[in-house]
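Participant: Compute the structure for the input listed below.
(chains A and B)
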Protein chains: 2
Amino acid sequence: MGAKIRMSVMIEKYIARAQRVQSLLCVGLDTDIERLPEHFRHDPYPQFAFNRWMIEQTYPYASAYKPNLAFYETDAGLAALKMTLDYLHEQHPDIVTIADAKRADIDSTNLGYVRSVFDWMGFDAVTLNPYLGQEALVPFLERGDKGCIILCRTSNPGADEFQNLMVGERPLWQVVAERVAHQWNTRGNCMLVVGATQPAVLREVRQLVGELTLLVPGVGAQGGDLESVIRWGCNHNGLGLIANVARAVIWADNPAEAARHWRDAINGFREF
Amino acid sequence: MGAKIRMSVMIEKYIARAQRVQSLLCVGLDTDIERLPEHFRHDPYPQFAFNRWMIEQTYPYASAYKPNLAFYETDAGLAALKMTLDYLHEQHPDIVTIADAKRADIDSTNLGYVRSVFDWMGFDAVTLNPYLGQEALVPFLERGDKGCIILCRTSNPGADEFQNLMVGERPLWQVVAERVAHQWNTRGNCMLVVGATQPAVLREVRQLVGELTLLVPGVGAQGGDLESVIRWGCNHNGLGLIANVARAVIWADNPAEAARHWRDAINGFREF
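Facilitator: Modelled structure (predicted):
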């Protein structure tokens, strides 16, 4: 079990929102410009036009939004993302924003990403890759006002190539989970990414990390075993889990309907 | 020793340039906007103005330029980076361009980065993080026209936290080196990042990967043992090494002089 730690502003914000709207749903704004419906493409910032509409449709059911930065890496794309964040800050300041960036560079170089993601765009949290180690990520980790969500066991095919390598008696993802929970988290602002595709891994991670918050992508997309994901992923308060649904909401015929469906389906398995 | 493999366009381009100007020097365009001299700040695109001047000063001695994307992650920053690439393509099309992005996402999501880095900005190569495995990185790896430079042993303090974990008899970085050299490199477009701070590691990597090209950051910055880095890092042709110098060139009083110094210092230890 994790030692008692203080909690970052970002995690408090998530819990407050999750309780207010009774939802653990995070909507993944994976706004692939090549998939946008025709009528958004005439806007000067098509991705922002789409995101604003998507937020209007889904916000009553969402506790977090998570754009993946891979879809925004042009000058116009970053401008649209910044506009999306400005819109969220203005209209829904209580909803958590997560930059799915999977960043990691060496020490002070990370300051460039910190300034961009936390200070310029104003995200509440960012996803990070552990391969360079804790010391490299200090510019992120020392931001007690923000959230640092470190990749542990990802949901993609082939994730086992390195993440499941045995280090002594344990797979690498377990070493990452324990380090992050028990050594990196001195400011209470660390979380872990654990894919929904392997509920058994999620259960093991939950046992290793106590009450730590987990970001779980892949909910909805791959079908998967939602009951196991929710029962095993939540902590003792029926919280501690950010359940990301991307394509199954944003490309749905009726995103509002889809978001409500996923919120309710998740709540159906929560124990609280 | 690595099996005989065909060689990507990008690596052929590097070799041709390295032989033409007798240089293994890569200049790291880590153009931190907060460190720019006052007179560049009045330009509408300060980072581009600085980069253009830096390229004018250093191109006779450089075989590659490597901007780190952490310094460009705003809309204006990405625009300046795109302008830098356009300028290089027009003025110096034979110099290799490397996006130091350290990216990795899950499968098709990587297409966003591929489009941005390879197709929109037109970089010849990109640095990648191995934690998600080969299958995740296929959208990069299948680009035989481009270069994929995978993090193996990085130069930062604390890099050993995960990279040196023992997997059976071998540290994790060795497993990464062998996988990349012998399984991922079916198109001859893979390379590895190995920091200059640990020349003994560089020697071991060279023994494991045959003629594979290595990107070695940290040359110049930390002082370090240049002779060992060059002698142990080069392959049998006195090539196979991209020696990155960033701060020691771009923040030098006389960048042209500094670039020439580093090119010559590196050549002093090459055996060719």
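
Participant: quick one: contacts for residue A:153?
Facilitator: Residue A:153 is in contact with A:159, A:163, A:173, A:193, A:194, A:195, A:198, A:201, A:205, counting by C-beta atoms under 8 Å, 6 or more residues apart in numbering or on different chains. In this view, the C-beta of every residue, glycine as well, is placed from N, C-alpha and C.

Participant: Just the element for the closest residue to it other than its chain neighbours, please.
Facilitator: By the measure of C-beta to C-beta, 6 or more residues apart in numbering or on different chains, the closest residue to residue A:153 outside its immediate chain neighbours is residue A:173, 4.2 Å from it. Using DSSP states H and E, the element containing residue A:173 is helix A:172-179.

Participant: tilt between that helix and helix B:172-179?
Facilitator: If you take axes from the mean of the first three to the mean of the last three C-alpha atoms, to 10 degrees, helix A:172-179 sits at 150 degrees to helix B:172-179.

Participant: Pick out the lowest-pLDDT one from the contacts of residue A:153.
Facilitator: Lowest pLDDT of those: residue A:198, 86.

Participant: Just give the nearest non-adjacent residue to that residue, would you?
Facilitator: Once flanking residues are discounted, residue A:198 sits nearest to residue A:153: 6.5 Å by C-beta to C-beta, 6+ apart.

Participant: And that neighbour, how far from residue A:190?
Facilitator: 16 Å (C-beta to C-beta, to the nearest Å).

Participant: For residue A:143, list the residues it contacts.
Facilitator: Residue A:143 makes contact with A:114, A:118, A:187, A:189, according to C-beta under 8 Å, 6+ apart.

Participant: I'd say residue A:206 and residue A:232 touch.
Facilitator: Yes: Residue A:206 lies in contact with residue A:232 (C-beta atoms under 8 Å); the separation is 5.9 Å.

Participant: gap between the very next helix or strand once past the helix holding residue A:173 and the chain center?
Facilitator: Downstream of helix A:172-179, the next assigned helix or strand under DSSP H and E is strand A:190-194. From the chain centre to the centre of strand A:190-194 is a distance of 8 Å (C-alpha atoms, centre = their mean, to the nearest Å).

Participant: tell me what strand A:190-194 is packed against?
Facilitator: Helices and strands touching strand A:190-194, by 3 or more C-beta pairs under 8 Å, 6 or more residues apart in numbering or on different chains; DSSP states H and E, are strand A:147-153, helix A:199-209, strand A:214-216.

Participant: Show me what from the stretch 1-150 of chain A comes close to chain B.
Facilitator: A:30, A:32, A:68-79, A:82, A:100, A:102-107, A:109-113, A:116-117, A:120, A:129-136 (C-beta under 8 Å from any C-beta of the partner chain).

Participant: Buried among the residues you listed? Make that a ChimeraX selection.
Facilitator: Filtering the residues of the stretch 1-150 of chain A next to chain B down to the buried ones (16 or more other C-beta atoms under 10 Å in any protein chain shown) takes a single ChimeraX command:
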select /A:30,32,68,69,70,71,72,73,74,75,76,77,78,79,82,100,102,103,104,105,106,109,110,111,112,113,116,117,120,129,130,131,132,133,134,136
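
Participant: Sort out for me which of the residues of the stretch 1-150 of chain A next to chain B are in strands.
Facilitator: Counting by DSSP state E, the part of the residues of the stretch 1-150 of chain A next to chain B found in strands is A:100, A:102, A:103.

Participant: residues near residue A:13, how many?
Facilitator: 20 (other C-beta atoms under 10 Å in any protein chain shown).

Participant: what's the answer for residue A:38, then?
Facilitator: Applying other C-beta under 10 Å, we find 6 other residues in the vicinity of residue A:38.

Participant: Next one, pLDDT for it please.
Facilitator: pLDDT at residue A:38 comes out at 94.

Participant: sec struct for the closest residue to chain B within the stretch 151-272 of chain A, please.
Facilitator: Closest residue of the stretch 151-272 of chain A to chain B, C-beta to the nearest C-beta: residue A:158 (2.6 Å). Taken by DSSP: H, G, I helix; E, B strand; the rest coil, the conformation at residue A:158 corresponds to coil.

Participant: Over to it: give its phi and psi.
Facilitator: With angles defined as degrees, to the nearest 10, residue A:158 sits at phi 90, psi 0.

Participant: coming back round to it: including distance to residue B:13, could the helices and strands packed on strand A:190-194 go into a markdown table?
Facilitator: Shown next, in a markdown table, are the helices and strands packed on strand A:190-194 (distance: least, C-beta to C-beta, whole Å):
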| stretch | distance to residue B:13 |
| --- | --- |
| strand A:147-153 | 33 |
| helix A:199-209 | 42 |
| strand A:214-216 | 40 |
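
Participant: Mind checking which of the residues of the stretch 1-150 of chain A next to chain B land in helices?
Facilitator: By the criterion of DSSP state H, membership of the residues of the stretch 1-150 of chain A next to chain B in helices covers A:75, A:76, A:77, A:78, A:79, A:82, A:110, A:111, A:112, A:113.

Participant: quick one: the last one from residue B:83, how far?
Facilitator: When you say that, I think you mean residue A:113. Where residue B:83 is concerned, residue A:113 sits at a distance of 21 Å (C-beta to C-beta).

Participant: Spell out which residues of the stretch 151-272 of chain A are next to chain B.
Facilitator: A:151, A:154-163, A:165-168, A:172, A:175-176, A:179.

Participant: Among the residues you listed, name the buried ones.
Facilitator: Buried members of those, scored by 16+ other C-beta under 10 Å, are A:151, A:154-156, A:158-163, A:165, A:167, A:172, A:175-176, A:179.

Participant: For residue A:5, give me the pLDDT.
Facilitator: pLDDT, residue A:5: 60.

Participant: Over to residue A:34?
Facilitator: Looking at residue A:34, the pLDDT reads 94.

Participant: got it, and residue A:2?
Facilitator: 45.

Participant: Where does the prediction get shaky in the stretch 1-150 of chain A?
Facilitator: A:1-5 (pLDDT under 70).

Participant: Just give me the residue right at the centre of chain A.
Facilitator: Centroid-nearest residue in chain A: residue A:215, 4.8 Å away (criterion: C-alpha atoms, centre = their mean).

Participant: ok, it - contacts?
Facilitator: A:26, A:66, A:98, A:127, A:149, A:191, A:192, A:193, A:194, A:242, A:244.

Participant: Buried among the residues you listed? Need that as a selection in ChimeraX.
Facilitator: Buried residues within those, by 16+ other C-beta under 10 Å, are selected in ChimeraX with:
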select /A:26,66,98,127,149,191,192,193,194,242,244
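
Participant: that older thread, and the gap between the residue of the stretch 151-272 of chain A closest to chain B and residue B:248?
Facilitator: As judged by C-beta to C-beta, residue A:158 and residue B:248 stand 38 Å apart.

Participant: Residue A:202 too?
Facilitator: Plainly put, residue A:202 is 46 Å away from residue B:248 if you go by C-beta to C-beta.

Participant: okay, those two: which has more neighbours?
Facilitator: Ranked by neighbour count (other C-beta under 10 Å), residue A:202 and residue B:248 place residue A:202 first, with 27 against 19.
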